[in-house]
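[1] need a structure here:
(chains A and B)
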Amino acid sequence: MHSFDKILIGIAFSPNIIANIHEAVRLANMFNSELVCVHVGEKTPEKEAQLEEIFEKAPDLHSKKTLVFQTGNPVDVILETCNTQNIDLLILGALQKENIYKYYVGSIARILTRKAPCSVLLLIKHSVERVPCKHIVVNGLQDPRTEETIQTSFYVSQGLSCPKITIVEEVTQQEIHAKASDDVSLRKMKIEKERISNREEMRVKDILTHIPEENKNGISIKTQSIFGKRGYSIGHYARVVRADLLIMNAPNKTTILDRLFPHDMEYILSELPTDVLIVK
Amino acid sequence: MVQKESALKSFISTIPKNIFAGFVVSLIALPLGLGLAIASEAPPVAGIISSVVGGVLVAILGGSNVTITGPGNGLVVVLLGAITTLAGGDLHQGYLFTLAAIVFAGVLMLILGFLRMGSLSDFFPSSAIQGMLAAIGIGILAKQFHVMFGYITIKGSTIELLYEIPFTVYHFFVDTHNNYIAGIEGIMSLFIMVFYSKIRNRYFQLIPAPMWIVMLAVGLAYHYEYFLQQEYPVDKSLLINIPDNIVQSLAFPDFSNIFSIKFINVVLAITLISSIESLLSIKAVDKLDPQRRRSNINKDLKALGIATTISGFLGGLNVVTVIARSSVAANNGATNRSGNFFHAFFLVIFILLFQDQLCKIPLPALSAILVYTGFKLANPSNIAKVFKIGGEQLIIFMTTLLATIFFNLIIGIFSGIFITFIIHVILNKNFTLFTRNLLKPNVLMYKEDDEKNNYYVSVVNFCTFLNYSKLKAKLDQIPENEDVILDFSRCSFVDHTVMENVNDYINTFTSKGGHFEVIGLDLHGSHSEHPFALRRISATKRLASKNLTKRQKAIKNISEAFHYNYRAIQKKPFLFLENYGFFKSKNISRIKNVLSNKDTAVFDVIYTEGEFIAKQVVRSTMMHIKVNRDIPSFILDRDGLFEYIYHLAGYEDIRIKNHQDFSKRFYLSGNETKAIEELFNDELVLFFESNTYYHIEASKNGLLIVYKERLASVKEIKAMTDFGVRLQKIINQ
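    Coordinates of the predicted model:
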C-alpha cells in the first residue's frame, strides 16, 4: 500500500480554479502530504499573483507546496512531473455534460488516467466548502491488484474520516454456468449464484484479515456481490447508494479496441457516477 | 432414482386428462388445419401434416408445457403469397417451392434456438406487433369472405379483395347461380362461430364450434344422399379434396429455386412471423398454465425448427405454437406436452377413419371459421384499446397495419419499428439520449443486503423496446416467489412496450407468491391514464399529477382502507421538517403522495443535497408522527451513517443501561442524556430490537421515520405505517 506523500494538481485558470485549489489543499492536509501544483503555460507575474491570492483564502497548508510552470503538451508535462517529482496521487477534474448532472472524463484526463504512473483521483464534486465523505465503494474483483486497492481504500477512508466502506464483488454473467431458461435451470442458477457469492465473500473476508486493525477502526464494512457487467455494475451501484467516492483498480493495458467496445473502466470514465480514485 | 420413478408415476397419472384435452383440441385442429391449408392455396392435407408432425416432435423435444403446435393464422398471408407467386401462378409448382422455403425456415428457427434468440419477440414494439396481427387478420378476412359465399376464383391484392366484398354479396343474392347451398352453409357457419359462445348449454358446449360446423355440413351431405336421394347440390370444386392414399400422394419440396431473391424473402418472412407468433403464444400460454411453470423458450424454438423442417419435407405447412388451440388444451385440463401428442394422434385417426366424410365438407363452411378468426385479429375494438393507451400508439399501429397491407409483412413490421423510434425521439426532443446509450448496459440488479433480501433493480437513461431485452435478461434471473423492486427513477423515458411487459411480470410474480413493484415513475408524466401508457420525465407538473401511476393508485387505496387522506402533490411545504437535523444540510424541493390523518403523515420527499455541480437529487419515503407529550431530541441509527449530523448538533453517544445488546446494535445519541434514558424504557427498547430497522429522529413533539434513501414500495409503505402507529402508541403512553 502506498501512502499519498506527494499530491499533484494541474492548474488551469478556469472558473473552477478556486474550488480545485481548496479541494487539493484540504486533501493534502488530510493525508499530510506535499502539494505540487503544475501549470502548463508561461510563468507570468499576474498568474503568480492570482494563485497567491487563492492560496491565501484557502485553508492553511500544513506541509510543503511547490509551484511548477512549464510550457509544452499538457499530457507530457504532467506525466514528466509525476515521474521527476515522485508523485503518489494525481488529481484531475471531470467535465460536465450540457445536461446538468452528467460528468465525463475529457480526452486529456483520459490519457493521463491511462498513462499516469501513480494513483489518479477524478473529482466531480470539488467545492470550496467541505462536503463530508460518508460512504466509499471499492471494487473487490478477483484480481491481483485488488488487495492493494482495498488496503488503500481503508487508508483513504481513515484520512477522510469516512464511516462506511462497501466492497463490491462484481461477478460476470459468464461465470455462472447455468442459464435460466425454465424453472429447473432457474433453481440451479440460484444455487450457483449463492455459491459464487459465498466464495467471493470468503475471498474478500480473507483480504480484510490482512488489513491492520487501526485502519479498520470505526469503519462499518459491508460487502455486496453483484452479477452483471464488470466495471459497469459498480458505477451504477455507486450511483444508487449515492457513494461519495468510488475506488477502483487501475485498468490493464487498453488499446483502441477498448474504446470502440467499451468495458470495465471505460464505462466509468464515460459517465462518472461520483468521485473516482484509481489505485496504481 | 426415487425421484425419477415418482416423476414417471405422476406423468402416467396425468395421461387420461391429457388424452381428453388432446381429443378436444383435435376437434378444432382438424377443421382449422384443413381451412388454413386451403386458405394458403395448399392441399388441405398439408395443414394436417403440419399439426401431426408438430404435435409429435414438439411434444418430445419441446420445452414448454401446455402448448399446442400446428399451422398458424399468421402464416396464411405469407404462404398464400409464396404459393401464388413463386412459380408465376402455377399453384402446384409454387407449393413445391414453398415447401423448400419452409424447410429452410425450419433450419433458421433451429439456429435461432441455438443462439438463444428466444428474446427475439422482445425487440418489437407491442403496438407494431398488434398492427401486424391486425393486418394479417384483414388479409385472411378479405380473401376468405369471397370463399364463404362460394366464389373461389376471385384473386387480387388485399385492397382489391376488400373492395370486391360488396359486389360478392350483391352477386350472391341477386344473380342466378348454383352456389346457394354452399353459400348458405358458409353464412350459417359464420353464425355458429359468432353465437357459439353466447349459447349457455352444457351439452352444446361439449363440442367446439368448428366441429359443430363440420358435423352439420357432413350431416347435410348425408341428408341429401340418403333422405332426399338427390345429388349433393355443391359443386365438386367447392369440396375438400383429400387423396385416397395419403402416404403415396405426399408432395416433396423442390429446391431448384433457392437462390432467387423472392425465395429468400419468403424464407425470411416465414422465419420471422412463425418465430414471433410462436414466442408470443408461448408467453401467453404460460399465463394459462394452472401450474404456472416457466417454459424453456429456446428449447421450444429448436423443437419447432426441427418440426417445421420435417413437416416441409413431407409436404406440410410450417409448425408454430398456436394460442387459440393451446388455450383450449389448457382449459380442458392438459397438464403437459403429452396433450399435444394426443392431439396429433387423434388427427391421424380422424384422417384415416373419416376420410370419406371429410371429403363432404364444403369450403365455404371452413372459410367461415377463417373469416371469424380474421375478424378477431382485426377487431376494431383493438384499435380503440390501442388508442386508449395513447395517440402515439395508434400512429404506430396504423403505420404497421397499412404498410403490411400495401407492401408486405417484413416492410410492415420494420416500418412499425422505425415509426416507434421516430415518435420516441420526437416525444423526448432528444436523439442522442437513444444513440449514445443504446449499446451501453443500463440495468443493475442486486439483492439488498438487509433482513428482507429484496431484489433491487435499477434502470438508467431510457428503457424502450430497443433495450428491453437487457432488463428482461435480469428480471428472468429472479425466482418468481421473491420480492422485487424495480426503480425507474434514474430513467428518463419508459415506453409502452416496457410498461406492458413489466405488468406481465407483476402478474406472474403475484400469482407465484412473490411481489413485484415498480417505483420511481410518479415523476414521469403521461398523456393518458392507461396503466401501460409510456412515461417520460420531462413532462409538465400538471401532467404528472393528472394521471396517477399504479403505485399512486395503490397508495390511494391504502388511504381509503385505513381512513387517511391522500394528496398526490403537497402544495404547502411541511414546515415541521426543518426542525429535524436530517434536513439541516438538505433542501426539500417537493413533497408528493401524502397519506395523512390528524397526527401522522407518510410522504415521498424529494430533496437535494449540496449545491451546483455537486448537487444530488434524492427521493425518499418518510413518515412523521406527532406525539402528545414533550420528548427529548434524539437520533436512533444503526449504520452510524448520520454520525456527522450528531456532531454538528453537539450530540453525544448514549448507552442504555441493562441493554448492552441494544447499544451494540444501534447508535443512539442526543444531548439530554437523562431524559432520553428515561424515555427508552424496556418496552421501547424491545420494540426497536424486534422490528425492522428504520432511521429515527425525534424533535420536541414529533418523530421522523426514514426508511432508505430511495422511494418505498407500497408494501414497504404499509409496513412503515404500521411501525409508526405502534411506535406512536408506545411513546404516547
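
[2] right, and residue B:386 touches residue B:392 too?
    No. Taking CB atoms under 8 Å as the definition, residue B:386 is not a contact partner of residue B:392, at 10.0 Å. Placement of C-beta: from N, CA and C, glycine included.

[3] Dump stretch A:166-177 to CSV, keeping only the CA atoms.
    Below are the C-alpha coordinates for stretch A:166-177, written out as CSV (Å, rounded to 0.1, in the frame of the first residue of the first chain):
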residue,chain,number,x,y,z
THR,A,166,-18.8,-1.2,0.9
ILE,A,167,-16.8,-3.7,-1.0
VAL,A,168,-18.5,-4.7,-4.2
GLU,A,169,-17.7,-8.1,-5.8
GLU,A,170,-18.7,-7.9,-9.4
VAL,A,171,-19.2,-11.3,-11.0
THR,A,172,-19.6,-11.5,-14.7
GLN,A,173,-22.6,-13.4,-16.1
GLN,A,174,-20.2,-15.8,-17.9
GLU,A,175,-19.0,-17.1,-14.6
ILE,A,176,-22.4,-18.6,-13.9
HIS,A,177,-22.5,-21.7,-16.0
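
[4] How about that stretch, which residues are buried there?
    With burial defined by 16 or more other CB atoms under 10 Å in any protein chain shown, the residues of stretch A:166-177 counted as buried are A:166, A:167, A:168, A:169, A:170, A:171, A:176.

[5] Could you do stretch B:6-14 as well?
    Residues of stretch B:6-14 classed as buried by neighbour count (16+ other CB under 10 Å): residue B:14.

[6] For it, which outside residues touch it?
    B:335, B:336, B:338 (CB atoms under 8 Å, 6 or more residues apart in numbering or on different chains).

[7] give me that answer again for 10 Å
    Stretch B:6-14 is contacted from outside by B:18, B:21, B:333, B:334, B:335, B:336, B:338, B:339, using CB atoms under 10 Å, 6 or more residues apart in numbering or on different chains.

[8] Point out the least confident member of those, please.
    The member of the contacts of stretch B:6-14 with the lowest pLDDT is residue B:333, at 81.

[9] Helix, strand or coil: sort out it for me.
    The three-state label for residue B:333, taken from DSSP: H, G, I helix; E, B strand; the rest coil, comes out as coil.

[10] Now the element after the lowest-mean-pLDDT helix or strand in chain B, going C-ward?
    Confidence across the helices and strands of chain B bottoms out at helix B:541-546, with a mean of 52, counting by mean pLDDT, DSSP states H and E. Once the chain leaves helix B:541-546, the next helix or strand it forms, by DSSP states H and E, is helix B:550-561.

[11] Only alpha carbons, please: show that next one as PDB.
    Once non-C-alpha atoms are left out, helix B:550-561 reads as follows in PDB (Å, rounded to 0.1, in the frame of the first residue of the first chain):
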ATOM      1  CA  LYS B 550     -50.000   2.300 -10.400                       C
ATOM      2  CA  ARG B 551     -48.100   3.000  -7.200                       C
ATOM      3  CA  GLN B 552     -50.000   6.200  -6.600                       C
ATOM      4  CA  LYS B 553     -53.300   4.400  -7.100                       C
ATOM      5  CA  ALA B 554     -52.200   1.700  -4.700                       C
ATOM      6  CA  ILE B 555     -51.300   4.400  -2.100                       C
ATOM      7  CA  LYS B 556     -54.700   6.000  -2.700                       C
ATOM      8  CA  ASN B 557     -56.300   2.700  -2.000                       C
ATOM      9  CA  ILE B 558     -54.400   2.300   1.300                       C
ATOM     10  CA  SER B 559     -55.700   5.800   2.200                       C
ATOM     11  CA  GLU B 560     -59.200   4.700   1.700                       C
ATOM     12  CA  ALA B 561     -58.800   1.400   3.600                       C
END
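
[12] Any idea how far apart the tips of stretch B:240-249 sit?
    15 Å (CA to CA, to the nearest Å).
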